[in-house]
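Asks: Need the 3D shape of this:
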Amino acid sequence: MIQQGSAYWLKNQDSQNSHFNLLELASTQRAVTNYVKILTGREIPVDFVDPRGDSMTDGKSIEIASRISYKNVDEVVGLALHEASHCVLTDFKVLKKLGNVILSNDRYKHLFPNNDHVFLMTNFMEDRRIDNFVYNSAPGYKAYYESMYESSFFNENINKGLKSNQYRTETWESYLFRIINIFNPNSDLDALYNLRKIYDIIDLDNIDRLKSTRDSIEVAMEITDIIRASIMVEKMINHEDFDKSVLEKSHKKKGENNSISKEKIKNAFQKQENFIKGKVKKTKGISPKQLKQIDAISKANVEIFKSKFEDRDISVHIIKKLTDEVIKSGLYGVFQSPSSLLGNEYNHCYEEGINKGKRLLKKLQIRNESTSLESHRLKKGKIDTRRIYASDFTEDIFKRIDRSNYKPLSIHLSIDGSGSMRGEKWRSTLINAIALGYVSLNVDNIDLVITIRTSGDLEGRHSHVPLLIFCFDSKINKTHDLRKITNYRLVGSTPEGLCLDALNKFIPQSSYYLDSYLINMSDGMPNFRARNGSEYIREEAYTHTAGVVNKVKKKNVKLLSYFISKNKNKYKTEASECFKQMYGRNSRFVDVDNINQITQTLNKLFLSENMVS
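Replies: The predicted structure is shown next:
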């Protein structure tokens with residue numbers, strides 16, 4: 001089935017797999033949540049089903065099936081929208097008291113023992129009522145509704161079943177099968193004695209006459225009563241003492257003797273019946289842990305960036321917002337929960353970083369100041385009130401005040417989060433990053449974004465991907481948010497240029513009114529291997545990273561790149577040469593024991609006399 005509606009918004013497709021990965025499930029969840037909000041005008045949560053329970057909606061929340069693929073995504077969205085319309089139009093309080101409604105109706109109170117039948121017919125009529133309302137009032141959702149109905153109501157087994165000689169006896173099951181499919185082109189209104197009469201009572205062309213759930217219940221009771229009477233008459237006719245000679249010729253038609261078995265028809269019919277009952281087939285294809293990760297992906301607004309490497313595109317996953325849900329869910333396996341029994345060996349870095357930031361801030365208070373130059377005796381400008389009283393109006397009595405501020409700085413601090421940074425290198429880097437974050441929050445014209453470049457596993461060991469994590473943004477985060485960075489686990493590899501390529505689209509271009517900087521801190525060479533055997537290593541990766549760095553420079557972004565090392569060895573010599581190849585003359589080499597020189601360099605940068613009016 002070609003998907004029409006979802007093709008416009010399902011942007012995180014990595015491959016045409018049989019079922020969605022967690023990223024695609026989260027994208028679907030966001031889209032459905034937005035649609036539901038538009039349709040209902042309410043904040044109704046949309047979640048993936050837990051294997052427990054059956055109800056798709058209780059009027060307060062909506063559940064959608066977890067086993068979604070490119071073949072059925074429109075159908076699933078249509079089902080969620082159908083349930084959302086129930087939240088708006090169905091009176092669930094009346095449904096809960098259906099027995100009381102039946103007993104209060106003198107005409108139909110004898111149906112009370114058949115509450116389940118009335119309830120099922122009520123759901124059928126409610127579905128017709130609410131779907132008609134949404135279908136006509138929200139035409140943008142038609143593709144989803146059509147996909148939903150095509151899957152459940154217009155499949156080949158149902159079509160053959162309607163034309164077959166099955167379900168042509170006066171039983172509740174036969175009537176239910178024929179009524180559910182009464183608007184199918186293959187429907188035979190002469191298959192049962194009172195099917196035509198029921199068709200007229202439903203009167204789909206005038207379904208908007210039903211204004212409430214109570215109206216649907218009234219029609220449902222009428223239909224149930226007719227079915228009940230038909231079944232009773234059938235039993236009476238088939239009784240051995242009944243005189244069949246008094247009967248007129250039956251108007252019922254026989255069906256075709258086609259090859260389809262009743263079992264196939266029944267399976268397709270069961271899916272329809274579940275739909276009417278508000279049930280959906282549950283699967284255990286998603287665990288509680290994965291449910292948490294889907295929620296984390298949605299709240300972190302994870303997206304995919306395609307980086308061109310040689311003759312192929314490599315997907316870089318971007319966590320655009322570091323939330324508590326991302327950390328606690330273990331998403332990508334790169335964060336350790338604050339409550340972990342293993343403890344956090346870098347937790348102390350937060351306090352040290354804040355204290356260092358406070359010391360640095362004292363030197364930078366001047367950046368919050370501005371300078372003013374006042375000019376008098378001008379021919380135009382604002383009137384100088386101090387000269388009016390003595391002026392004979394032959395002199396120039398205007399003035400102008402020019403104010404200059406330090407030029408705003410936009411800084412992207414990107415840190416190598418590979419496993420080789422573990423230990424003293426990460427501790428020192430983390431302290432300096434947190435210090436700069438604190439400064440940016442307290443200086444008006446410095447904006448700082450901190451990102452980590454690494455790799456992680458989205459769904460087990462077979463989905464190892466390059467990963468760019470936005471850990472901090474001074475425009476939206478607070479001081480306490482800097483602590484979240486200390487929960488990062490150094491377990492990934494070094495997809496250097498791939499992540500920088502993804503980061504480049506977030507780095508603003510320098511202009512007369514803005515100085516844009518990219519500050520890089522890393523300790524090694526590009527090195528990434530996907531589980532499928534795809535490699536990003538050696539000379540090809542160095543060249544790719546150098547090309548990405550040049551793309552950044554073309555935006556007039558100033559680059560400061562620091563190579564952080566510990567001891568001199570063969571690897572350091574090789575890595576140093578690689579580093580120069582990638583970052584050119586912007587390369588700087590810093591010993592881990594003297595990493596403070598990075599902060600000192602940036603301190604001079606912040607205090608440079610770069611003013612703008």
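Asks: separation between the closest residue to residue 166 other than its chain neighbours and residue 72?
Replies: The shortest distance from residue 166 to any non-neighbouring residue, by C-beta to C-beta, 6 or more residues apart in numbering, is to residue 262 (5.2 Å). Where you see a C-beta, it was placed from the backbone N, CA and C, and this is true even at glycine. Remark: distance between residue 262 and residue 72 (C-beta to C-beta, to the nearest Å) = 26 Å.
Asks: again with residue 573
Replies: With C-beta to C-beta as the criterion, residue 573 and residue 72 are 56 Å apart.
Asks: if we can go back for a sec, okay, residue 262 and residue 72: which has more neighbours?
Replies: residue 72 (20 against 13; other C-beta atoms under 10 Å).
Asks: Now the more buried one. Its backbone dihedrals?
Replies: With angles defined as degrees, to the nearest 10, residue 72 sits at phi -130, psi 10.
Asks: you'd agree it is up against residue 148?
Replies: No - taking contacts as C-beta atoms under 8 Å, residue 72 lies outside contact range of residue 148: 9.6 Å.
Asks: Look at residue 588 and tell me its secondary structure.
Replies: When classified by DSSP: H, G, I helix; E, B strand; the rest coil, residue 588 comes out as strand.
Asks: Please give me every residue in contact with it.
Replies: Neighbour list for residue 588: 560-563, 601 [criterion: C-beta atoms under 8 Å, 6 or more residues apart in numbering].
Asks: ditto for residue 235
Replies: Neighbours of residue 235 in contact, by C-beta under 8 Å, 6+ apart: none.
Asks: Could you look up the SS state of it?
Replies: Recorded secondary structure, residue 235: helix (three-state DSSP).
Asks: I'd like the distance between it and residue 172.
Replies: When distance is defined by C-beta to C-beta, residue 235 is 12 Å away from residue 172.
Asks: for residue 319, same thing?
Replies: For residue 319, the distance to residue 172 (C-beta to C-beta) stands at 54 Å.
Asks: Excluding chain neighbours, give the residue nearest to residue 6 in space.
Replies: Using C-beta to C-beta, 6+ apart and skipping residues adjacent in sequence, the residue nearest residue 6 is residue 73, 4.6 Å away.
Asks: show me what contacts that neighbour?
Replies: Residue 73 neighbours (C-beta under 8 Å, 6+ apart): 3, 6, 10, 20, 28.
Asks: Mind pulling up the pLDDT for the second one?
Replies: What it means is residue 6. In this model, residue 6 is scored at 78, pLDDT.
Asks: One more: residue 527?
Replies: The score at residue 527 is 90. That number is its pLDDT.
Asks: What are the phi and psi values at it?
Replies: Backbone torsions of residue 527, given as degrees, to the nearest 10, read phi -160, psi 100.
Asks: Count the neighbours of it for me.
Replies: Residue 527 has 17 neighbouring residues, counting by other C-beta under 10 Å.
Asks: Identify the bridge partners of it.
Replies: residue 494 (DSSP bridges).
Asks: who's in contact with it?
Replies: So residue 527 contacts 418, 493-494, 536-537, 541 (C-beta under 8 Å, 6+ apart).
Asks: Can you select the buried ones among these for me in PyMOL?
Replies: Listed next is the PyMOL selection for buried residues among the contacts of residue 527, using 16 or more other C-beta atoms under 10 Å:
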select buried, resi 418+493+494+536+541
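Asks: Let's have the contacts of residue 527 in CSV, adding pLDDT and distance to residue 254.
Replies: Shown next, in CSV, are the contacts of residue 527 (pLDDT from 0 to 100; distance: C-beta to C-beta, whole Å):
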residue, pLDDT, distance to residue 254
418, 93, 74
493, 92, 70
494, 93, 74
536, 92, 69
537, 89, 73
541, 93, 73
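Asks: And the contacts of residue 527, which is closest to residue 313?
Replies: Here the nearest of these to residue 313, counting by C-beta to C-beta, is residue 536; it sits at 12.3 Å.
Asks: circling back to that earlier point, neighbour count winner among residue 319 and residue 172?
Replies: residue 319 (25 against 16).
Asks: Check the gap between that one and residue 494 for me.
Replies: 17 Å.
Asks: Got the confidence number for the residue lying closest to residue 312 once chain neighbours are set aside?
Replies: Leaving aside its sequence neighbours, residue 312 sits nearest to residue 534 (C-beta to C-beta, 6+ apart; 7.8 Å). Residue 534 carries a pLDDT value of 80.
Asks: Also residue 369?
Replies: Note for residue 369: predicted pLDDT of 51.
Asks: Can you show me the helices along the stretch 451-600 of the chain?
Replies: With DSSP state H, counting those that start in this stretch as the definition, the stretch 451-600 of the chain shows helices at residue ranges 496-504, 538-553, 570-583, 596-606.
Asks: Mean pLDDT lowest where, among these?
Replies: Looking at the helices of the stretch 451-600 of the chain, the bottom one is helix 596-606 with a mean of 69.
Asks: So for stretch 292-308, what gets flagged as buried?
Replies: Buried-residue list, stretch 292-308, by 16+ other C-beta under 10 Å: 292-300, 302-305, 307.
Asks: Let's see which of the residues you listed end up in strands.
Replies: Here DSSP state E is the test, and these give 303-305, 307 as lying in strands.
Asks: Rebuild those as CSV, extending it with pLDDT and distance to residue 476.
Replies: Below are those laid out as CSV (pLDDT from 0 to 100; distance: C-beta to C-beta, whole Å):
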residue, pLDDT, distance to residue 476
303, 89, 17
304, 90, 22
305, 93, 21
307, 93, 26
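Asks: Closest to residue 86 out of these?
Replies: residue 303 (31.9 Å).
Asks: Tell me how far the nearest residue to the closest one once chain neighbours are set aside lies from residue 466.
Replies: Nearest non-adjacent residue to residue 303, counting by C-beta to C-beta, 6+ apart: residue 318, 5.2 Å away. The gap separating residue 318 from residue 466 is 10 Å, by C-beta to C-beta.
Asks: Looking at the two, which is more packed in?
Replies: Neighbours of residue 318 and residue 466, each counted by other C-beta under 10 Å, are more numerous for residue 466; the result is 28 against 22.
Asks: and the nearest residue to that one once chain neighbours are set aside, what is it in contact with?
Replies: Leaving out its chain neighbours, the residue that sits closest to residue 466 by C-beta to C-beta, 6+ apart is residue 495, at 3.6 Å. Residues near residue 495 by C-beta under 8 Å, 6+ apart: 314, 316, 453-455, 466-467, 526, 528, 536.
Asks: looking at the sheet around the nearest residue to residue 520 once chain neighbours are set aside, what are its partners?
Replies: The shortest distance from residue 520 to any non-neighbouring residue, by C-beta to C-beta, 6+ apart, is to residue 561 (4.2 Å). Residue 561 has these beta-bridge partners by DSSP bridges: residue 520, residue 587.
Asks: How many residues are close by residue 561?
Replies: 21.
Asks: separation between it and residue 353?
Replies: Distance from residue 561 to residue 353, by C-beta to C-beta: 21 Å.
Asks: residue contacts, residue 411?
Replies: 436, 440, 446-449, 516-519.
Asks: Mind putting the residues you listed into a markdown table with neighbour count and distance to residue 194?
Replies: Listed next are the contacts of residue 411 as a markdown table, based on neighbours: other C-beta atoms under 10 Å; distance: C-beta to C-beta, whole Å:
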| residue | neighbour count | distance to residue 194 |
| --- | --- | --- |
| 436 | 28 | 79 |
| 440 | 26 | 76 |
| 446 | 21 | 79 |
| 447 | 19 | 73 |
| 448 | 24 | 75 |
| 449 | 22 | 70 |
| 516 | 21 | 76 |
| 517 | 18 | 79 |
| 518 | 23 | 77 |
| 519 | 22 | 79 |
